[in-house]
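A.B. asks: build me a model:
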Amino acid sequence: MDLPAADPADPRPPYEQLRAAIAERVTDGRLAAGTRMPSVRGLAGEVGLAVNTVARVYRELEADGVVVTEGRRGTFVATSAAGSDLRAAVTAYVDAARRAGVSAEEAAALVTRSWQAGR
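C.D. replies: Numbering: from 1, shown residues only. Here you go, the predicted structure:
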């Protein structure tokens, strides 16, 4: 599935690194709506994390509307994934920043400050 192993130098816990990596791939379209996700055990083996850690990642992604679990059929990228709304919001933000003459670096810094402020 082309997901990175947890990076010990990253201050985020391994489950958050994996959750963010999957969410990013859904948001940018590398994981299309309807794509079947690996089983919890399969993904755990692929990325070198505990089965319970990957199960937590899937639960959090499901709570965020990024994936849906269909019992024994498996886990799939949601057809109305939150990522599509996020892509639209990002596009609108980038358009507004460009109109305002803000550089990509300044726009990213604004997002980071807002994220850290909890807004």
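
A.B. asks: would you confirm that Thr35 contacts Thr75?
C.D. replies: No. If you go by Cβ atoms under 8 Å, Thr35 and Thr75 don't touch, sitting 9.8 Å apart. To be clear about C-beta, it is placed using only N, CA and C from the backbone, and glycine gets the same treatment.

A.B. asks: what does the domain assignment say about this structure?
C.D. replies: As assigned by automatic domain parsing, the chain contains the domains 14-80, 83-116.

A.B. asks: so can I have JSON lines of these showing mean pLDDT and distance to Asp7?
C.D. replies: Conversion of the domains of the chain to JSON lines gives the following (pLDDT from 0 to 100; distance: least, Cβ to Cβ, whole Å):
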{"stretch": "domain 14-80", "mean pLDDT": "93", "distance to Asp7": "6"}
{"stretch": "domain 83-116", "mean pLDDT": "86", "distance to Asp7": "19"}
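
A.B. asks: tell me the most buried of those domains?
C.D. replies: Burial among those, expressed as mean neighbours by mean count of other Cβ atoms under 10 Å, is greatest for domain 14-80, which shows a mean of 16.

A.B. asks: so how far is that one off the chain centroid?
C.D. replies: In terms of Cα atoms, centre = their mean, to the nearest Å, the centre of domain 14-80 is set 9 Å apart from its chain centre.

A.B. asks: hang on, the earlier thing: and Leu3, which of the domains of the chain is closest to it?
C.D. replies: Across these, Leu3 has its closest neighbour in domain 14-80 (5.4 Å, Cβ to Cβ).

A.B. asks: got the phi and psi for the residue most central in space within the chain?
C.D. replies: By Cα atoms, centre = their mean, the chain has its centre lying nearest to Ala23, at 1.3 Å. Torsion angles at Ala23 (phi, psi; degrees, to the nearest 10) stand at phi -60, psi -40.

A.B. asks: go on, Val67?
C.D. replies: With angles defined as degrees, to the nearest 10, Val67 sits at phi -130, psi 160.
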